[in-house]
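Q: kindly generate the corresponding structure for this input.
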Amino acid sequence: MKRIISLLIVIMMTVGIVAGCGQNAGNGTMNEKSSESSVAPENTGESQDGSDQSAGTAENQEEAVTDEFPLTVKDAGGFEMTIEKKPEKIASLTLGTDEMLLSLVDSSRIVALSSMADMEGTSNIVEEAKAFPNKISSQSLETIISLSPDLLFASSWTDVNLLEQLRDAGIVVYCYESPNSIDQQKDTIREIAKLVGEKEKGEELIAWMDQKLKEVEDKIKSLKEDEKLSALYYDSSTYTYGKNTSFDDVVTRAGMRNVVSEAGLDGWPQISKEEIVKLNPDVIIVPSVSWTEQTPEAFAEELRKDPGLKEVSAVKNNRVFIISDAHRSAISQYIVYGVEDLAKAAYPDLFK
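A: Residues are numbered from 1 along each chain as shown. Below you'll find the predicted structure:
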């Protein structure tokens, strides 16, 4: 029950949507970058060797379309749909698909991004999103219908009533499952890339993620097991991350141990400060975005000065870090930056 409640609170804070997606199966039709290699590849219409992927005869192009479409698939809610042809008018209701799509398809194929796409602190595509006039949310039923997209991306937490209304209006809506690991995130990218007819672009994006992860792995590979620091995420609502969460995977790939997982806690539990003392993490991670009047900096300082936490390793050794929410909690390729951010904060000497 704790996990369900905490998940709902996170969802309400980030997207303002509180119901499940497509619970009954049915049928339907139709930042900061450290180097050049840090930038997620964008869809330019060219392959990595510089050749023009759009070049070719009409016959070849028609053959490529026939190979992939029509495409019949089931989404995370068990809803079956057929995408008759390569989508040319794509809309996105989630920040995750906003970020993935901008690296998978030409911007001319996107008719709307989510209302979070240009939100400072949570989005990795703030500047790019400014070029898109249409921003949609769960309150945008009429706008979405008026845009008449070939394909609309939603998530496993999107309001089922909204989905029913959109599908009744003839909109093809695909809900993806929120990933709980970086490998699952790669699978989601493959899934989205297939649906938009850009499987090769999807593999390029995954290769970029692997490159970034390998760069971090090479930096921390000298760490011995007893040198790896333990970590704990904590926010002002007392929530943390346990097993079966992307954060747990991010911590592990950053060369650290998640003390909440080691304690056997799953999902998104709430913990008290007394429990933090018992867990005694070497590092405490706090969010970079606040949903209250208290700033992230003020919350971090509150933890550092809390007399009840003075014996906690993270506090004693000044390892209470604010890590970018846009990276750490990304439901897109940008989650690899979360691994890099955390590894750099925990082991700065290895990144000099």
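
Q: longest helix anywhere in the protein?
A: What stands out as the longest helix in the chain, according to DSSP state H, is helix 199-220.

Q: next secondary structure after that helix?
A: From helix 199-220 onward toward the C-terminus, using DSSP states H and E, the following helix or strand is strand 230-233.

Q: downstream of that following strand, the next helix or strand is which one?
A: Sequence-wise, the next helix or strand beyond strand 230-233 is helix 246-253, with elements assigned using DSSP H and E.

Q: give the next helix or strand downstream of that following helix.
A: Assignment by DSSP H and E places the next element after helix 246-253 at strand 257-258.

Q: buried sites along the next helix or strand after that next one?
A: Toward the C-terminal end, the helix or strand that comes next after strand 257-258 (DSSP H and E) is helix 259-262. Buried residues in helix 259-262, defined by neighbour count with 16 or more other C-beta atoms under 10 Å: V259, V260, S261. Where you see a C-beta, it was placed from the backbone N, CA and C, and this is true even at glycine.

Q: tell me which helix or strand comes right after helix 259-262.
A: Moving toward the C-terminus from helix 259-262, the next helix or strand (DSSP H and E) is helix 273-279.

Q: what helices and strands are in contact with that next one?
A: Contacts defined by 3 or more C-beta pairs under 8 Å, 6 or more residues apart in numbering; DSSP states H and E place helix 273-279 against strand 230-233.

Q: which parts of the stretch 51-200 of the chain are strands?
A: When assigned using DSSP state E, counting those that start in this stretch, the strands of the stretch 51-200 of the chain occupy the ranges 71-74, 80-83, 90-92, 110-114, 135-136, 151-155, 173-176.

Q: stretch 301-321: which residues count as buried?
A: Residues of stretch 301-321 classed as buried: L303, R304, L309, V312, A314, V315, R319, V320, F321 (neighbour count, 16+ other C-beta under 10 Å).

Q: list every C-alpha atom in that stretch, with coordinates, as PDB.
A: Extracted in PDB, the C-alpha atoms of stretch 301-321 (Å, rounded to 0.1, in the frame of the first residue of the first chain):
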ATOM      1  CA  GLU A 301      21.200  22.400   4.600                       C
ATOM      2  CA  GLU A 302      18.400  21.400   7.000                       C
ATOM      3  CA  LEU A 303      19.700  17.800   6.800                       C
ATOM      4  CA  ARG A 304      23.300  18.900   7.200                       C
ATOM      5  CA  LYS A 305      22.400  20.800  10.400                       C
ATOM      6  CA  ASP A 306      19.900  18.400  11.900                       C
ATOM      7  CA  PRO A 307      21.300  17.300  15.300                       C
ATOM      8  CA  GLY A 308      19.600  13.900  14.900                       C
ATOM      9  CA  LEU A 309      21.600  13.200  11.800                       C
ATOM     10  CA  LYS A 310      25.000  14.500  13.000                       C
ATOM     11  CA  GLU A 311      26.400  10.900  13.300                       C
ATOM     12  CA  VAL A 312      25.300   9.800   9.900                       C
ATOM     13  CA  SER A 313      28.300   9.300   7.600                       C
ATOM     14  CA  ALA A 314      26.900  11.400   4.800                       C
ATOM     15  CA  VAL A 315      26.400  14.400   7.100                       C
ATOM     16  CA  LYS A 316      29.800  14.000   8.900                       C
ATOM     17  CA  ASN A 317      31.700  13.800   5.600                       C
ATOM     18  CA  ASN A 318      29.700  16.600   3.900                       C
ATOM     19  CA  ARG A 319      28.200  14.300   1.300                       C
ATOM     20  CA  VAL A 320      24.600  15.600   1.100                       C
ATOM     21  CA  PHE A 321      24.300  16.200  -2.700                       C
END
